[in-house]
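Chemist: Next input, structure requested:
(2 chains)
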Amino acid sequence: MPAVCFYFQVHQPFRIQRLRFANVGKFSTTPLRLDDRNYFDEEKNFQIFNKVARKSYLKTNAILLDLIRKYQGRFRISFSITGVVLEQMSLYAPDVLESFQKLVASGGVEILGETYYHSLAALYDDEEFIEQVEEHRSAMFSYFQVVPEVFRNTELIYQDQIGELVHELGFKGVLAEGADDILEWRSPNFVYQHPSVNLKILTKNYKLSDDIAFRFSNKNWIEHPVSAEKYANWVHAISGAGETVNLFMDYETFGEHQWEDTGIFEFLRYLPGFILKHPDWEFLTPSEVFKKFPSRGSLHYDRNVSWADTERDTSAWIGNEMQSTALHRVYKMGQKIKQLNHSHFLKTWRRLLTSDHFYYMCTKFFSDGDVHAYFSPFKSPYHAFLNYLAILEDFDLQLEKEKIIQKIQHEVVTARGKFHGETRPCI
Amino acid sequence: MASQKFKILMLGWEFPPQITGGLGTACEGLTQALARHDVRIHFFMPKLYGNEAAPYLNLYDVGDPQKAQVQDHEFSDQAELFFHQIPSFLSPYLRPDHPVYSSSSRGSDENFSTPPLTHFSKAPVQHYGYQLFEEVEDYGRRAAVLSKEIDFDLIHAHDWMTFPAALRIKQKTGKPIILHVHSLESDRAGEGGNPVIHQIEAGSLHAADAIIAVSHYTKRKMIENYHVNEDKIHVVHNGITKKRQTSIKRRFERNPTVLFLGRITFQKGPDYFVEAAIRVLEQLPEVRFILAGAGDMLEKLRSRIRMAGAESSFWFPGFLLGKEVEEVFALADLYVMPSVSEPFGISVLEALHCDVPVLVSRQSGVSEVIQHSLKADFWDVEELVDLIVGALKYPELGRDLLQMAQKEMARLDWNQSATRVAQVYRKFS
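Modeler: Numbering: from 1, shown residues only, chains lettered A, B, ... in the order given. This next block holds a predicted model:
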């Protein structure tokens, strides 16, 4: 019995504040302790989060909860929810958090693992990657009382080496893009496995996924408009030629990328019914797919594959000189920050690692005014780069100050200790 | 129209190498490309200097410059372009040798508007030459006489100076007129402007059978300022002449350098450049600024710079032409065009051609076609400062920007502009 495997990505970054070079290092308040210097644009993040939550999250959650109840376990889905979006829910809209918690508690939902900060750490810093995955794992437990068993990396970025790390972290399987050059003659509709470690792989059926995520409302598309029934027929056509149809997409597809007036909610509401009309078909979550179907071969990812753009590579984040400068500079700060052992700075740094900051600097499609431009809070990729670098410069100065403060404190404490005849520093 | 050539009577006022701005460059690029479009052009000029010949253009010598003589030339291919000299002394914009600004006696700060017509014969008109209106009139009269000797289908006139001539010829011949707007009086003079020029622009634009605007920005301005029927306005962006690779090597062993190049007049926003520059120096004292060009605001700006004690950070090479322009681009890390109102801005394309990244005012036509530029509102000095500092601190930004902008440039050539202009011509065949 073949399965449809739905996975939705839920993520919102902490967008940064406007900072001019002229103001770098100019601290208006708290001359000694600079903990409260906030680089993130609270107001903008609040506004965008609320807009997306009202247009997309709440409505889609309600539909999915209805469907899960209606089909009594026969409709099942999976989510990956980043730590940073959960923080925004707690900060800006607790009702949205509750709505997700209710959905997860329904029993029809599997939660996947990823990096807490939706970062590119897998490409730059293994140790940091592991720490962020662990942080996400404990966040999933505290928010939802679940422990993720299957992993998906930021933007579905995947390569064999990342697979090895994910395996070491204890995950059973991973989600990846079903890129043509990786699959070659194979179909994305089967379970595969890592060539050297015991890690199963689910490959995205990008054609059927993008039919919903990108093409659904495109009037120039020959198939437009697509009804739930028509789409279910496409899925059913795979009968006998596949075991799992992996439909992976951003959760904002529903209501935000495809607006309500495109009929996307009606589509979602009726799709499960049409899929299940065919007695052979069912819905499964990724770990259920791995349990049910054996691997049909090993799949070798010899390059960094992602689910972005037609290239399905990492060039949307690391495609130009500005992006590599920004990424190298911010990852280079990691060691210094960890030595300072300062939780606020560590948190700030990690929020600056979120992949979206680098996506805003992407120049390759800027002129077409397409999705890259639509999702950027900046006027241009050049503004995005300069703003980010100004913040890094300021952050660097703060770290230097903190280093000096810690050194002085250490000296004071040691001196005081000596005075009292002790050698161990204490506060 | 299959095989028959379109015969165009084109009315211009400047042509390289004698230019004061982008108009001459645009006329050259456009006519050169049109010549390949089965179009025969009779190009009327108020004065020829004898050195207008471009490699593609074979010019005859004009006999007596006081007579409306005709000189015509065949191209090597089937394309043809005829040059006619209308004796007149049109100097609509300042020239380096013009008394108006070669003398620094004028200390007035009121540079922003043109005085009323009555002041003409006595005092130099702010940014126009002496007796300009008489010359416009003269040009029109002589052009009308000369047009009788020529066989043409259409009149195509460039900017207000030539519009009265176009109207006069239309009156005589009944041939349709296409007015090509490279700039408007409100671009050049801001809020004020000369009422006579406004009148000429308004009247001519309403009478025109079709209008070509160099940008959507200019199209919008015509609709807003003069309520011109928008259906007859066609936007044709300027192109860039694919020059041979510049022989001048970029020079790198020097201080970071920012360039302004253009008339030092209200329209080009040199005062915003200077204010931004002075504030950039607070953050990056080693930066050098080049203020290249001449104009009525130069003295005022020099004293502003002296007051700020920043003289040693500035260089004023004066009005530059041809190779000198390439040489100054070779010295620059960033080209800034902070125009208050810029219908197009061909110099931006020239900067990119010389591998210099650009920061342009949003109030410009060129920003419609070059997405990959730094853009700011001309009045936002704080933003100008921030972008200049950032671009100098992080040269990778300039390299990314150039790489993408040059792809956009590749799509901008005069051939494409000429194709669009020929489409407008065809409406009248």
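Chemist: Show me where the chain dips below the pLDDT cut-off.
Modeler: Answering for chain A, as no chain was given. A:27-37, A:366-374, A:418-427 (pLDDT under 70).
Chemist: Not quite, go with chain B.
Modeler: Those would be B:1-4, B:50, B:53-130, B:242-248, B:251-252, if you go by pLDDT under 70 across chain B.
Chemist: For it, what lies in contact range of chain A?
Modeler: B:279, B:282-283, B:371-372, B:374-375, B:382, B:385-387, B:389-391, B:393-394, B:396-397, B:399-401, B:403-404, B:408 (Cβ under 8 Å from any Cβ of the partner chain). Every C-beta, even on glycine, is put in place using the N, C-alpha and C of the backbone.
Chemist: List buried residues within those.
Modeler: Neighbour-count burial (16 or more other Cβ atoms under 10 Å in any protein chain shown) is assigned, among the residues of chain B next to chain A, to B:279, B:283, B:371-372, B:374-375, B:385-387, B:389-391, B:393-394, B:396-397, B:400-401, B:404, B:408.
Chemist: Where do the domain boundaries of the chain fall?
Modeler: Using chain A. Structural domains annotated on chain A: A:3-298, A:321-419, as defined by automatic domain parsing.
Chemist: meant chain B actually
Modeler: B:6-239+B:413-426, B:257-410.
Chemist: Tell me who's in contact with the residue lying closest to A:Ile157 once chain neighbours are set aside.
Modeler: Take A:Ile157 and drop its neighbours on the chain: the residue closest to it by Cβ to Cβ, 6 or more residues apart in numbering or on different chains is A:Ser306, 4.6 Å away. Neighbouring residues of A:Ser306 by Cβ atoms under 8 Å, 6 or more residues apart in numbering or on different chains: A:Glu155, A:Leu156, A:Ile157, A:Tyr158, A:Glu177, A:Arg312, A:Asp313, A:Thr314, A:Ala316.
Chemist: and the gap between A:Ser306 and B:Leu291?
Modeler: 47 Å (Cβ to Cβ, to the nearest Å).
Chemist: do the same with A:Phe190
Modeler: From A:Phe190 to B:Leu291 the distance is 68 Å (Cβ to Cβ).
Chemist: Provide a list of residues in contact with the residue of the stretch 201-350 of chain B found nearest chain A.
Modeler: Residue of the stretch 201-350 of chain B nearest chain A, by Cβ to the nearest Cβ: B:Gln283 (6.2 Å). Residues in contact with B:Gln283 (Cβ under 8 Å, 6+ apart) are A:Phe21, A:Ala22, B:Val385, B:Val389.
Chemist: again, 6 Å this time
Modeler: B:Val389 (Cβ atoms under 6 Å, 6 or more residues apart in numbering or on different chains).
Chemist: that older thread, just the ones of the residues of chain B next to chain A in strands?
Modeler: B:Leu374, B:Lys375 (DSSP state E).
Chemist: All the helices of the stretch 1-150 of chain A, residue numbers only.
Modeler: A:42-52, A:58-70, A:83-92, A:94-105, A:121-124, A:126-144 (DSSP state H, counting those that start in this stretch).
Chemist: Tell me which of those lies nearest to B:Ala143.
Modeler: Closest approach to B:Ala143 among the helices of the stretch 1-150 of chain A is made by helix A:42-52 (58.7 Å; Cβ to Cβ).
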